[in-house]
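Q: I'll drop the sequence and a predicted model, then ask my questions.
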Amino acid sequence: MFEFCTDPGQLSDAAWLACYLTTGKHMALYWSFGTVLLLLAITAPTALAFGFGGAAAARSRILPVRWFGQAYIAIVRGVPDIAFFLFFVIALDQALEYVRHKVKCPDWDAPIRQGNDFVVCEIAKLPLGNAPQYMHEIYGFFLAVLTFAIVFGAFAANVIYGAMRAVPQGQLETGEAYGMSPRQCFWRILVPQMWVYALPGLSNLWMVLIKATPLLFLLGVEDIVYWARELGGAKTPRFTDYPHGDWRMWYFLVLLVFYLLFTRVSELVLERVMTRLTHGQATLGGNAQRKATV
């Protein structure tokens with residue numbers, strides 16, 4: 001990046017380090033921090049939507065819908081995250097290509113399963129073989145977001161389902177006694193109050209989601225863990241203009257500080273949200289607020 005970086009072998013220590021930290025690969029490392037933050041920004045509300053839908057389905061009065069919600073929560077929570085990530089990404093990718101293959105190549109007469117290979121016509125592949133590299137990266141990121149959302153949505157569904165059951169049943173019965181329909185009781189009484197019971201569990205789930213972002217590395221997304229491993233490994237003059245020893249410890253130390261700071265900021269934000277939600281509620285937090293104002 002700097003003009004004096006043309007001959008790294010002639011640089012002083014400070015100039016060498018400045019040139020080393022501004023190489024193209026290090027820029028990719030810095031961008032990967034944005035990839036992690038973008039993943040969290042998209043996955044958190046998506047997982048919350050999956051969780052709310054799963055919890056609502058699990059308490060539905062329609063038996064098949066209730067079975068579906070309960071099965072979603074039980075199955076996804078019962079499978080190890082890593083196993084589900086590695087399986088679901090491959091299964092979803094092949095399912096999408098299979099559907100496109102049936103639609104776009106109806107005259108295809110060769111088997112799709114050829115031994116261990118999954119073979120579809122060229123125009124059915126996702127993304128297309130001639131697509132630019134950024135399309136491959138966006139597609140991989142989309143699969144990662146969907147996988148994270150489904151997995152953590154099941155845990156969120158279990159938390160929200162328990163929070164819904166924690167709302168006093170008498171309040172719902174009172175709403176019905178005043179002529180409110182079951183749907184009105186759900187949206188006007190149950191949902192507004194259940195968040196105060198759900199937030200502690202959802203807060204913990206948010207922390208787990210933050211710590212799970214290094215699993216992007218397993219899904220083929222070049223995240224901060226990938227670049228920390230690649231850049232921190234020992235380099236020799238044969239492979240780079242900036243040779244160095246094994247610096248992985250220092251790179252991973254930076255990741256440690258990043259995650260600790262991020263989780264600390266999250267704790268402060270969640271604490272303020274919890275204080276706001278408990279205001280006026282018949283909970284320990286609400287009672288503490290009322291006593292503080294007396």
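A: Right, received. Where do you want to start? Residues are numbered from 1 along each chain as shown.
Q: okay, and the helix or strand of this structure with the least pLDDT?
A: helix 284-293 (a mean of 48; mean pLDDT, DSSP states H and E).
Q: Could you count how many residues lie near the closest residue to residue 155 other than its chain neighbours?
A: The shortest distance from residue 155 to any non-neighbouring residue, by C-beta to C-beta, 6 or more residues apart in numbering, is to residue 205 (5.4 Å). Any C-beta I mention is one placed from the backbone N, CA and C, and that applies to glycine too. Neighbours of residue 205 under the rule other C-beta atoms under 10 Å: 21.
Q: is it true that residue 205 touches residue 156?
A: Yes: proximity of residue 205 to residue 156 meets the contact threshold set by C-beta atoms under 8 Å, at 5.9 Å.
Q: need the contact list for the residue nearest to residue 155.
A: Residue 205 is in contact with 152, 155-156, 159, counting by C-beta atoms under 8 Å, 6 or more residues apart in numbering.
Q: could the residues you listed be laid out in TSV, adding distance to residue 55 and pLDDT?
A: Shown next, in TSV, are these (distance: C-beta to C-beta, whole Å; pLDDT from 0 to 100):
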residue	distance to residue 55	pLDDT
152	13	92
155	11	93
156	8	94
159	8	94
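Q: who wins for neighbours among these?
A: Among these, residue 156 has the most neighbours (other C-beta under 10 Å), with 28 neighbours.
Q: Going by neighbour count, list what's buried in stretch 260-271.
A: For stretch 260-271, the buried set under the neighbour-count rule, 16 or more other C-beta atoms under 10 Å, comprises 262, 266, 270.
Q: for the helix or strand hosting the second one, packing partners?
A: According to DSSP states H and E, residue 266 maps onto helix 248-277. Taking 3 or more C-beta pairs under 8 Å, 6 or more residues apart in numbering; DSSP states H and E as the contact definition, the neighbouring helices and strands of helix 248-277 are helix 191-212, helix 224-232, helix 284-293.
Q: ok, and for the longest one, which residues are buried?
A: The one in question is helix 191-212. Of the residues in helix 191-212, 191, 193-194, 196-199, 201-203, 205-207, 209-210, 212 count as buried by neighbour count, 16+ other C-beta under 10 Å.
Q: As CSV, could you dump the C-alpha coordinates of that helix?
A: C-alpha atoms of helix 191-212 as CSV (Å, rounded to 0.1, in the frame of the first residue of the first chain):
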residue,chain,number,x,y,z
VAL,A,191,-46.5,-11.8,23.1
PRO,A,192,-45.8,-8.4,24.8
GLN,A,193,-45.3,-10.0,28.2
MET,A,194,-43.3,-13.1,27.2
TRP,A,195,-40.3,-11.2,26.1
VAL,A,196,-39.3,-10.3,29.6
TYR,A,197,-39.1,-14.0,30.4
ALA,A,198,-37.4,-14.9,27.1
LEU,A,199,-34.7,-12.3,27.2
PRO,A,200,-32.3,-14.0,29.6
GLY,A,201,-32.3,-17.2,27.5
LEU,A,202,-32.1,-15.2,24.3
SER,A,203,-29.2,-13.2,25.7
ASN,A,204,-27.3,-16.4,26.5
LEU,A,205,-28.2,-17.7,23.0
TRP,A,206,-26.8,-14.5,21.5
MET,A,207,-23.5,-15.0,23.3
VAL,A,208,-23.4,-18.6,22.0
LEU,A,209,-24.1,-17.4,18.5
ILE,A,210,-21.2,-15.0,18.7
LYS,A,211,-18.9,-17.8,19.8
ALA,A,212,-20.2,-20.0,17.0
